[in-house]
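Undergrad: give me a 3D structure for the following:
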Amino acid sequence: MKDPNCLFCKIIDGQIPSAKVYEDGSVFAFRDINPQAPVHVLVVPKEHISCALELNGDNSAVAAKCFEAVAKIARSEGLESGFRVINNCGEDGGQSVMHLHFHLIGGRKLSEKII
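TA: Numbering: from 1, shown residues only. Reported below is the predicted structural model:
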């Protein structure tokens, strides 16, 4: 199910342009408009789930599909030497778009500090 008011749902539907890097039946991935590293891709399930707190036994397979896509995208982006995957959940967690998504970040040596 999609949320007609959700920015990422609109991107997935092509209503808002994006720099797509990957798509399959369950996942859509595109370049972040404010990259924090040479490679910064947002990996988004096509199903609208607001955040990680909404994952449960009925929909958790979508997270697995996202991580399968992360591995494919990381290889295609040349990130074999390493990368980071980040999920922000909720306002206090820094989530700015309330649609579950994972930041794939790499392309340079990343600091051990996350915050």
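Undergrad: what stretches of this structure score poorly on pLDDT?
TA: Scanning the chain for pLDDT under 70 picks out 115.
Undergrad: spatially central residue for it, please.
TA: Val43 (2.4 Å; Cα atoms, centre = their mean).
Undergrad: so it makes contact with Val27?
TA: Yes. With contacts counted by Cβ atoms under 8 Å, Val43 reaches Val27, the gap being 6.3 Å. C-beta coordinates here come from the backbone N, C-alpha and C atoms, glycine included.
Undergrad: now do the shared contacts for these two.
TA: The contact sets of Val43 and Val27 overlap at Cys66, Ala69 (Cβ atoms under 8 Å, 6 or more residues apart in numbering).
Undergrad: could you look up the SS state of Ala69?
TA: helix (DSSP: H, G, I helix; E, B strand; the rest coil).
Undergrad: so what's the residue found closest to it once you drop the neighbours it is linked to in the chain up against?
TA: Using Cβ to Cβ, 6 or more residues apart in numbering and skipping the chain neighbours, the partner closest in space to Ala69 is Val27 (4.3 Å). Listed by Cβ under 8 Å, 6+ apart, the contact partners of Val27 are Val43, Val44, Pro45, Lys46, Lys65, Cys66, Glu68, Ala69.
Undergrad: next, find the distance separating Val27 from Ile12.
TA: Distance, Val27 to Ile12, by Cβ to Cβ, to the nearest Å: 9 Å.
Undergrad: which helices and strands sit right next to the helix or strand containing Cys9?
TA: Using DSSP states H and E, Cys9 maps to helix 7-12. Here helix 7-12 touches strand 27-31, strand 39-45, going by 3 or more Cβ pairs under 8 Å, 6 or more residues apart in numbering; DSSP states H and E.
Undergrad: could you dump those to CSV with distance to Gly93?
TA: Below are those laid out as CSV (distance: least, Cβ to Cβ, whole Å):
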stretch, distance to Gly93
strand 27-31, 21
strand 39-45, 16
